[in-house]
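Participant: Sequence first, predicted model second:
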Amino acid sequence: MLKRIFLVGFILIVFSKQSWSGAFELSSGFSYSRSYYSELSYSWTKRFGFAFGYFFYERSEVEIAYQDIVERNYISGFEDTTFHDRIYSVNLVQSFTGKSAAIQPYIKIGIGQLNRDAVGTYIGGYAPPVSVDSVTGVLGVGLRLYVTRTFAIRSEATSYLAGGSVRNWKNNIVINFGLSVVF
C-alpha cells in the first residue's frame with residue numbers, strides 16, 4: 001500500500017505544472033473537544049498546529065509541520081491521565097487541482113518525530129509510560145477552500161503512524177480546521 005502511495009505521488013509530481021513553483025504557504029489550525037461522561041468524569045483534547053510549505057511545482061509542496069496535542073482524561077475510579085504529544089514532521093503535499101481552482105483537495109505523506117509525555121494513573125495504580133519518543137509516519141488528506149488567490153480555509157485529517165506501521169493508521173488521527181496564506 002505504501003509503495004502505491006509513493007508511486008501515485010511520484011507520478012503526480014512529474015506531471016505537475018511549474019507555473020506556481022516558488023510560492024510559500026504558511027498555515028495554522030486549532031481544535032478543541034470536551035466530553036462529560038458523568039458529573040465526575042470527563043475528557044478534553046486541544047490541538048494546535050502550524051506548517052510552513054514550499055511549492056516546488058504548482059501542485060507539489062514540501063511542508064515542515066508541528067502539532068501540539070494535549071489530552072486529559074478523568075474517569076472517576078478508573079483513569080486520571082494527561083498526555084502531551086509534540087509531533088515534528090517533514091511532508092510531501094500533493095494537490096489534485098492547481099491554484100486557479102477554488103477548491104483544492106490534497107494528500108500528504110511524510111515522516112516525523114513523536115515526543116509524548118504522560119502523567120497519571122489507571123485503575124489499580126498502573127501508570128502510562130512517562131515518556132515516548134518515536135519515529136512516526138504521516139498520512140493525511142485535506143481540502144483548501146480559497147477565499148482569495150492567497151488566502152484559504154483549510155481542513156485536514158492526518159494519521160500519525162506509530163513506528164511507521166500503516167496498520168496503525170486508525171490509532172492517532174488528528175482533524176484540524178485552520179487558515180492558509182500563500183505568498
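Facilitator: That came through, no problem.

Participant: what residues are up against R149?
Facilitator: K99, V182 (CB atoms under 8 Å, 6 or more residues apart in numbering). Backbone N, C-alpha and C define where each C-beta goes, glycine included.

Participant: what's around the residue lying closest to Y37 once chain neighbours are set aside, how many residues?
Facilitator: Excluding its sequence neighbours, the residue lying closest to Y37 (CB to CB, 6 or more residues apart in numbering) is I75, at 6.4 Å. Using other CB atoms under 10 Å, the number of residues around I75 comes to 16.

Participant: Surely I75 is in contact with S41?
Facilitator: Yes - taking CB atoms under 8 Å as the definition, I75 is a contact partner of S41 at 4.5 Å.

Participant: which residues of this structure fall in helices?
Facilitator: 2-14 (DSSP state H).

Participant: Just give the nearest non-adjacent residue to the most centrally placed residue in the chain, would you?
Facilitator: By CA atoms, centre = their mean, the chain has its centre lying nearest to T158, at 4.0 Å. In space, and not counting its chain neighbours, T158 is closest to G140: 3.7 Å by CB to CB, 6+ apart.

Participant: Beta-bridge partners for that neighbour, please?
Facilitator: Beta-bridge partners for G140, by DSSP bridges, are K108, T158.

Participant: Tell me the confidence at it?
Facilitator: At G140, the pLDDT value in this model is 95.

Participant: and what of A102?
Facilitator: pLDDT, A102: 93.

Participant: show me what contacts the spatially closest residue to it that is not a sequence neighbour?
Facilitator: Nearest residue to A102 in three dimensions, chain neighbours excluded: Y146, at 5.3 Å (CB to CB, 6+ apart). Residues counted as contacts of Y146 (CB under 8 Å, 6+ apart) are K99, A101, A102, I103, Q104, A152.

Participant: again with Y74
Facilitator: Applying CB under 8 Å, 6+ apart, the residues near Y74 are L40, S41, Y42, S43, D80.

Participant: from those residues, which is closest to N176?
Facilitator: Distance to N176, by CB to CB, is smallest for S43 among those, at 18.4 Å.
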